[in-house]
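Colleague: got a structure for you, letters missing:
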């Protein structure tokens, strides 16, 4: 049984930092690329960040470049999202997701990702 479990969310003030974690079990973690997405109330789920299987490549949505950093520890089957300089518009439920590396969908498409976590709430107040 595949499980992705996010943690680390919370309520913070603008300018603060949070580090999200996503612990993965039930699959061979090092063979999957990983992504972070978020969904705000009334909005579609949107791509945040992506990391390759061995962590040597990353991609970010323009609105988080320079503020967020995705990383992974294959020994711990965990992917992270370090979020700095948080803004109220970053408020959303954040999801991690896993995908096989060679699926044809683009990395920023939710359709690429087969397994999803339950999400963790991030709330940023001004």
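Modeller: Sure thing, it's come through. These figures come from a predicted structure and were not determined experimentally.
Colleague: Pick out the residue closest to the middle of the chain.
Modeller: residue 36 (2.0 Å; C-alpha atoms, centre = their mean).
Colleague: Can you say which helix or strand has residue 55 in it?
Modeller: Here residue 55 sits in a region with no helix or strand, counting by DSSP states H and E.
Colleague: For the residue nearest to the centre of the chain, give me its contacts.
Modeller: By C-beta atoms under 8 Å, 6 or more residues apart in numbering, the residues touching residue 36 are 20, 22, 48, 49, 50, 70, 79, 81, 94, 95, 96, 97. C-beta coordinates here come from the backbone N, C-alpha and C atoms, glycine included.
Colleague: in the sheet, who's paired with it?
Modeller: Beta-bridge pairing for residue 36 (DSSP bridges): residue 49, residue 96.
Colleague: gap between it and residue 1?
Modeller: Distance from residue 36 to residue 1, counting by C-beta to C-beta, to the nearest Å: 22 Å.
Colleague: so residue 95 makes contact with residue 20?
Modeller: No: assessed by C-beta atoms under 8 Å, residue 95 is found out of contact with residue 20, at 9.8 Å.
Colleague: Tell me the residues that contact both of these two, please.
Modeller: With C-beta under 8 Å, 6+ apart, residue 95 and residue 20 have common neighbours 6, 36.
Colleague: Just the buried positions in stretch 100-116, please.
Modeller: In terms of neighbour count (16 or more other C-beta atoms under 10 Å), stretch 100-116 has its buried residues at 107, 108, 110, 112, 113, 115, 116.
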